[in-house]
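1. Quick one, fold the following:
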Amino acid sequence: EPPDRPVIFNKFPTTVGANGDPVLLPPESTKVDYEAELVVVIGKAGRRIPRSRAMEHVAGYCVGNDVSARDWQLETPATQWLLGKSFDGFAPFGPAMTTADEIADPGNLSISLRLNGQTMQESNTSQLIFPIEKLIEYISSVATLKPGDVIFTGTPPGVGIARKPPVLLKPGDVTEVEIQGLGILRNPFVADEQA
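-> This is a model prediction of the structure:
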């Protein structure tokens, strides 16, 4: 059953990456996964933003990949969501911000992820458990949202860890996340060989 409220986690600033940036696969994890997501960019600050006014605070949208180390996220004591989501480069988004006025309905956009050319996730933002307005209302009830903040909104079915057998990222893999009207985010995955 879907939760009655969103599960919220943070990512460190060092996770940010751009379209085309290689994502380093850390030696500390053997279960790195992909997650296609719509990214909402905040343009106007606000605290305790009511759902009815939430979209006034949106500057635009991007395509995102919420890369996740599932062994850290789900298998460590107390489930380390923050650390599992926060290896360097684990939040690529882009390829550019599309302004809010260019997207008539962000709640009805096709979204997909291809791994080495094979479609792994395919859905529509209409299937989000929590719409953008709810996420903004919920997060801003705790923390002030500021211009430049980004919200990754959740991923469709088809992530690698849930497949039988699991499909986890390895050096040489390339992901392409595509969202209708927002473009394609393409990132190669490489081994992190830094000692």
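
2. Could you use CA atoms for every contact and neighbour count after this?
-> Fine.

3. Which residue is the nearest non-sequential neighbour of the residue positioned nearest the centre of the chain?
-> Centroid check for the chain by Cα atoms, centre = their mean gives D66 as the closest residue, at 3.5 Å. Once flanking residues are discounted, D66 sits nearest to E35: 4.9 Å by Cα to Cα, 6 or more residues apart in numbering.

4. can you pull the contacts of that neighbour?
-> Listed by Cα atoms under 8 Å, 6 or more residues apart in numbering, the contact set of E35 reads 65-68, 113, 155-156, 159.

5. mind checking which helix or strand L82 is in?
-> Assigned by DSSP states H and E, L82 falls within helix 81-84.

6. hmm, back to that, tell me if I'm right that the residue nearest to the centre of the chain and V39 touch.
-> No - using Cα atoms under 8 Å, D66 is not in contact with V39, being 9.7 Å away.

7. between those two, what contacts are shared?
-> What both D66 and V39 touch, as defined by Cα under 8 Å, 6+ apart, is the set F152.

8. Please enumerate the strands of the protein.
-> 16-17, 23-25, 32-33, 36-42, 58-65, 68-69, 91-99, 110-115, 118-124, 150-152, 174-179, 183-191 (DSSP state E).

9. want to throw those strands into JSON lines with distance to W81 and mean pLDDT?
-> What follows is the strands of the chain, written out as JSON lines (distance: least, Cα to Cα, whole Å; pLDDT from 0 to 100):
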{"stretch": "strand 16-17", "distance to W81": "17", "mean pLDDT": "98"}
{"stretch": "strand 23-25", "distance to W81": "17", "mean pLDDT": "97"}
{"stretch": "strand 32-33", "distance to W81": "13", "mean pLDDT": "98"}
{"stretch": "strand 36-42", "distance to W81": "17", "mean pLDDT": "98"}
{"stretch": "strand 58-65", "distance to W81": "16", "mean pLDDT": "98"}
{"stretch": "strand 68-69", "distance to W81": "9", "mean pLDDT": "95"}
{"stretch": "strand 91-99", "distance to W81": "14", "mean pLDDT": "98"}
{"stretch": "strand 110-115", "distance to W81": "22", "mean pLDDT": "98"}
{"stretch": "strand 118-124", "distance to W81": "22", "mean pLDDT": "98"}
{"stretch": "strand 150-152", "distance to W81": "14", "mean pLDDT": "98"}
{"stretch": "strand 174-179", "distance to W81": "22", "mean pLDDT": "98"}
{"stretch": "strand 183-191", "distance to W81": "21", "mean pLDDT": "98"}
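
10. Could you dump the ones you listed into a markdown table with mean neighbour count added?
-> Formatted as a markdown table, the strands of the chain follow (neighbours: other Cα atoms under 10 Å):
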| stretch | mean neighbour count |
| --- | --- |
| strand 16-17 | 18 |
| strand 23-25 | 22 |
| strand 32-33 | 22 |
| strand 36-42 | 26 |
| strand 58-65 | 26 |
| strand 68-69 | 26 |
| strand 91-99 | 20 |
| strand 110-115 | 21 |
| strand 118-124 | 17 |
| strand 150-152 | 22 |
| strand 174-179 | 24 |
| strand 183-191 | 20 |
